[in-house]
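>>> got a sequence here, can you build the structure:
(chains A and B)
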Protein chains: 2
Amino acid sequence: MNPLDHVEFRRQGHMIIDFLADYYENINNYPVRSQVNPGYLVERLPDHAPFIPESIESILNDVEKDIIPGLTHWQSPNFFAYFASSGSTASFLGEMLMNGFNVVGFNWLASPAATELEIVVMKWLSKLLQLPPAFSFSGGGGGVLLGTTCEAFICTLIAARDKMLDQIGRENYEKLVVYCSDQTHVGLMKAAKIVGIKPENVRQVMTTKSTNYKLSPQRLEELIKRDVEAGLFPLYLCATIGTTSTTTVDPLGPLCEVSSKYNIWVHVDAAYAGSACICPEFRHFLDGVEGASSFSFNAHKWLLTNLACCCLWVKDKSALTKSLSTNSEYLKNKATESGQVVDFKDWQITLTRRFQALKLWMVLRSYGVTGLRQFLRNHVKMAKDLERLVTMDSRFEIVAPRYFSVVCFRVSPYAINQHHGNHDEVNEFNSKLLEAINATGLVYMTQSVVDGVYFIRFSIGATLTEDRHVKMAWELVQDQATSLLGTLAPKKASNGKHTKQIEDHFM
Amino acid sequence: MNPLDHVEFRRQGHMIIDFLADYYENINNYPVRSQVNPGYLVERLPDHAPFIPESIESILNDVEKDIIPGLTHWQSPNFFAYFASSGSTASFLGEMLMNGFNVVGFNWLASPAATELEIVVMKWLSKLLQLPPAFSFSGGGGGVLLGTTCEAFICTLIAARDKMLDQIGRENYEKLVVYCSDQTHVGLMKAAKIVGIKPENVRQVMTTKSTNYKLSPQRLEELIKRDVEAGLFPLYLCATIGTTSTTTVDPLGPLCEVSSKYNIWVHVDAAYAGSACICPEFRHFLDGVEGASSFSFNAHKWLLTNLACCCLWVKDKSALTKSLSTNSEYLKNKATESGQVVDFKDWQITLTRRFQALKLWMVLRSYGVTGLRQFLRNHVKMAKDLERLVTMDSRFEIVAPRYFSVVCFRVSPYAINQHHGNHDEVNEFNSKLLEAINATGLVYMTQSVVDGVYFIRFSIGATLTEDRHVKMAWELVQDQATSLLGTLAPKKASNGKHTKQIEDHFM
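Purely as a prediction, here's the structure:
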């Protein structure tokens, strides 16, 4: 047995490429949201590992039979749920090379190319995003590839925490305060908990519809003042460019201004919308980032990069490495001691790290800046078109303004109330509508709630999505709404035309 | 531009498979440890991302020309550094499927197969390791796939921390104490720092040569007693099966016994050696694990699984999920509410998660239990043979006993001192020897230090390593030692025969 025999590697590798190419070719044949029941696979598979080796043919057969029915097809052009994971051929190839080389680049020496290519792509990206020079290696900062935004939260939180505690003394640990809005990603709350911020000291500034759910600098400052008066120590603010529920954009400039008065570390979380900011016309959403301490976005969301790839930049790299450095006899080496190299293990939570830069490098080169911008702009245009369609159907309303490629809408209380229904019933109606839409298997969308209002998030970002998929999905929403409204007022006949049409396509 | 066009995916995918198959076929032609200088790649590559798309042919050309020279070849059969990352075809294929599907399995609904296959493989592995039923889902515990051991440390530390603080009150946060030995992986110190354990409250129990650098239960209890008397709260112990420097094995049974008296969470870190314990003859190293609270090992080290894949089991799953659960409107779904499913986002630091179970499933099926055991046993046998060779050359000495597939040795003070040299000079000599060995490019080994003694760690674990590679590497060590000893006493001629022979092979 040679598990890396190149002949067998070649044979089996080609099989999987064909398997996956077929998968992409036929992805429309699968229901977007998996339709299996809890336990379906646990029941099907054997209770213990096989004793004797099995053939790749037999395994692939089971992937088709057992695994694919249990997938929710994130790469489907009809996937409009959550934020998409926009995979691409170039990124897939980068992952292949990364996995093939399978090097562990914890420090420079362990694989110099891994570290240096990461420095290069982070520089490329930072230029595309027009990040201020203070975030670059030459400016005292630098960029690093992590897995996810939660990791970026933890790394920056503990850098800020330790820097602050050095000044005010560890006895004030329980007095550190973290600020965000009620729209900030839940990952921040989890990260704050992990690094030991007292749960009562995480302030979620309330947002309102009148300001499009943006974090208000005034409200922030009120809270900070109150905390300072109470003898607490403001530590960290998370501002978001493209919140999860409605993709709103917090006002970076004013928030950084307030924060700088109180020496607060400002982290900018642009997990989803950061990618769009490589287009000049969207760059203004990052205005003010020069006042922030750190910035991150997930290339795996909307920059054609496979999971998982979070890009983090910091201004004060020594704060980060001071908190995250480790030293051990078994990792000592001359390159590190020379001070000429970066050891990225000191920029992240873990020691082990993969050669992630390869996939970003391949994405940037294969599609070029022009290709990436076109990809992003197409999605934004589709969302704009959808927004227009929604406003043209008087039964629907836009719940929050569209900024990028997510449209937030619902069937309006008016359309429902002309039959009957109170606030809860309106939410319930929209929830039923979403379930009816997803149950068709033709598309997948998800929901959120702001200010007690339940709505459908139509999130465009899958690589294969084209105009026609969005239009077809919207017709499906309309048809399902017609049907469901019909059940409220039986005298109005439901119109099944569009659903029928899509079902034909689906068959 | 369609970045997931199946025709282009197929064409380019096949190219990369051939590229990597060629790489494995020719891997002996590369120096194992990269020989580039700091900055080599940053200087070579352009300063900004290309505007216009580039062809895969041109990118692959640059991978060959710019990237490969900067790789340290972890998949080389002559890689004996650190702990190996034992990749395999099956695991590579699993990664391909994972990346191709590119689903985000944060909760069950987001891709049921991802969650359920993970439950299945964790059950398979737990049976192979003969973990006690308390670690299984049906026993109130369960297993989860993380990236690395550092993550396992953090997840279990905060589960233990929050459970304890619930009992003793948050005001005692600064009184929590974590125990380990001076041989415990540095990742634990980092994790303790991240979760806010007071740095002075991390106790590294000193180990000694006389007990083969094992964590002594007696010393542990002395420290615990002292802490309890001082009003502190013992929280967490990390015991190691296969330490990084010498692969020693802490006595689990007695350590758990002491810990249970003080209600301490015991985590067993078997990052490297855990894999070996699927062989019945090595399972005894885990004896006593039934007294532990959690157990983890890295399949990416020695179980033919590509980076990164850490398997963690806990006894008290509710302690884990209580600390790590998040809730948000945009992730709500009926499956979760039904309580019938596992949402692995609540078992880990991050929200995003990849479909890692695929690769483990493919490894277990492709090689079978019998193939995996054979793979592990081969490495252990090679290490045994090497150990014998080392003891047969009187100039060398074994620094710590061999347990698995790592041999720790050095040129003995006697061999050096008959020329001249004190303790520091002995260390320096061995350090120079290691550098001379690695500078040949023919092999890569690394060092460690215990009790002030610098030694060479000959770590066997790369997938392609065979008997002949180990023997050739040992001859190279001998030859380099002969040369270097010759420089100490010029009258003794160096013997270059073996080096010559290997260089011929290398050309």
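
>>> what sits against residue A:399?
A:246, A:408-410, A:450, A:453, A:455 (C-beta atoms under 8 Å, 6 or more residues apart in numbering or on different chains). No exception for glycine: its C-beta is placed from N, CA and C like everyone else's.

>>> let's see 10 Å
A:209, A:245-246, A:390, A:407-410, A:412, A:430, A:448-451, A:453-457 (C-beta atoms under 10 Å, 6 or more residues apart in numbering or on different chains).

>>> of the residues you listed, which belong to strands?
A:407-410, A:448-450, A:453-457 (DSSP state E).

>>> the closest residue to chain B within the stretch 151-300 of chain A: what secondary structure?
Relative to chain B, the nearest point of the stretch 151-300 of chain A is residue A:196 (2.7 Å; C-beta to the nearest C-beta). Each residue gets one of three states, and residue A:196 gets coil by DSSP: H, G, I helix; E, B strand; the rest coil.

>>> does it touch residue A:178 like I think?
No - taking contacts as C-beta atoms under 10 Å, residue A:196 lies outside contact range of residue A:178: 11.0 Å.

>>> can you list residues touching both of those two?
Common neighbours of residue A:196 and residue A:178 (C-beta under 10 Å, 6+ apart) are A:157, A:161.

>>> give me the local confidence score for the residue nearest to residue A:430 when sequence neighbours are not counted.
Excluding the flanking residues, the one nearest residue A:430 by C-beta to C-beta, 6 or more residues apart in numbering or on different chains is residue A:410, at 4.6 Å. Predicted confidence (pLDDT) for residue A:410: 97.

>>> tally of neighbours for residue A:410?
Residues lying near residue A:410 (other C-beta atoms under 10 Å in any protein chain shown) number 26.

>>> tell me the contacts of it?
A:390, A:395-399, A:416, A:426-427, A:429-431, A:433-434, A:447, A:453-456, A:481.

>>> among those, name the ones in helices.
Cross-referencing the contacts of residue A:410 against helices under DSSP state H gives A:390, A:416, A:426-427, A:429-431, A:433-434, A:481.

>>> residue A:476 contacts residue A:443, correct?
Yes - applying C-beta under 10 Å, one finds residue A:476 in contact with residue A:443, separated by 6.1 Å.

>>> the more surrounded of those two?
Set residue A:476 next to residue A:443 and count neighbours by other C-beta under 10 Å: residue A:443 wins out with 25 against 22.

>>> ok so, going back, quick one: residues contacting the residue of the stretch 151-300 of chain A closest to chain B.
A:157-158, A:161, A:173-174, A:176, B:158, B:161, B:165, B:170, B:173-174, B:194-197.

>>> specify the local secondary structure of the nearest residue to residue A:182 once chain neighbours are set aside.
Nearest non-adjacent residue to residue A:182, counting by C-beta to C-beta, 6+ apart: residue A:204, 4.6 Å away. Following three-state DSSP, the label given to residue A:204 is strand.

>>> isn't residue A:204 up against residue A:188?
Yes - with contact defined as C-beta under 10 Å, residue A:204 reaches residue A:188; the gap is 9.3 Å.

>>> any idea where the strands of the stretch 51-200 of chain A begin and end?
A:79-80, A:142-146, A:176-181 (DSSP state E, counting those that start in this stretch).

>>> give me the below-cutoff pLDDT ranges for the stretch 201-350 of chain A.
In the predicted model of the stretch 201-350 of chain A, no residue satisfies pLDDT under 70.

>>> report the contact partners of residue A:30.
For residue A:30, the contacting residues are A:23, A:68-69, A:71-73, A:76, A:78, A:441, A:506, by C-beta under 10 Å, 6+ apart.

>>> distance check, it against residue A:23.
9 Å (C-beta to C-beta, to the nearest Å).

>>> need the overlap of contacts for these two.
With C-beta under 10 Å, 6+ apart, residue A:30 and residue A:23 have common neighbours A:68, A:71, A:73.

>>> just the buried subset of those, written out for ChimeraX, thanks.
Buried residues among these (16 or more other C-beta atoms under 10 Å in any protein chain shown), as a ChimeraX selection:
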select /A:71,73
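
>>> spit out the contact partners of residue A:197.
Residue A:197 neighbours (C-beta under 10 Å, 6+ apart): A:157, A:161, A:173-174, A:176-178, A:189, A:191, A:235-236, B:196.

>>> so which strand or helix has residue A:268?
Element membership of residue A:268 [criterion: DSSP states H and E] is strand A:265-269.

>>> parallel or antiparallel, list what pairs with that strand.
Applying DSSP bridges, strand A:265-269 is found paired with strand A:233-240 (parallel), strand A:294-298 (parallel).

>>> please, which helix or strand holds residue A:354?
Remark: residue A:354 resides in no helix or strand, with elements defined by DSSP H and E.

>>> repeat that for residue A:41.
Assigned by DSSP H and E, residue A:41 belongs to helix A:40-44.

>>> residue A:204 and residue A:188: which is more packed in?
Neighbours per residue (other C-beta under 10 Å) separate residue A:204 from residue A:188, with residue A:188 holding more: 27 against 16.

>>> the more buried one is in contact with residue A:182, isn't it?
No - using C-beta under 10 Å, residue A:188 is not in contact with residue A:182, being 11.4 Å away.

>>> need the residues touching each of those two.
residue A:204.

>>> coming back round to it: with mean pLDDT, distance to residue B:345 and mean neighbour count added, can I get the strands of the stretch 51-200 of chain A in CSV?
Converted to CSV, the strands of the stretch 51-200 of chain A look like this (pLDDT from 0 to 100; distance: least, C-beta to C-beta, whole Å; neighbours: other C-beta atoms under 10 Å in any protein chain shown):
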stretch, mean pLDDT, distance to residue B:345, mean neighbour count
strand A:79-80, 98, 19, 30
strand A:142-146, 98, 17, 25
strand A:176-181, 98, 19, 26
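
>>> list phi and psi for the closest residue to residue A:142 other than its chain neighbours.
Spatially, and ignoring its direct neighbours in sequence, residue A:142 is nearest to residue A:317 (4.7 Å; C-beta to C-beta, 6+ apart). According to degrees, to the nearest 10, the main-chain angles of residue A:317 amount to phi -70, psi -30.

>>> so how far is residue A:347 from residue A:317?
8 Å.

>>> so for the two, which residues contact both of them?
Taking C-beta under 10 Å, 6+ apart as the contact rule, residue A:317 and residue A:347 both touch A:142-144, A:159.

>>> next, give me the two most distant ones among the residues you listed.
A:143 and A:159 (14.2 Å; C-beta to C-beta).

>>> keeping just the C-alphas, turn the helix holding residue A:41 into PDB.
What follows is helix A:40-44, C-alpha atoms only, in PDB (Å, rounded to 0.1, in the frame of the first residue of the first chain):
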ATOM      1  CA  TYR A  40     -31.100  10.000   7.400                       C
ATOM      2  CA  LEU A  41     -27.400   9.300   7.000                       C
ATOM      3  CA  VAL A  42     -26.500   8.000  10.400                       C
ATOM      4  CA  GLU A  43     -29.200   5.400   9.800                       C
ATOM      5  CA  ARG A  44     -27.800   4.500   6.400                       C
END
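
>>> mind listing residues that contact it?
Helix A:40-44 has contacts (C-beta under 10 Å, 6+ apart) with A:34, A:36-37, A:62, A:65-67, A:69-70, B:112-120, B:123, B:137.
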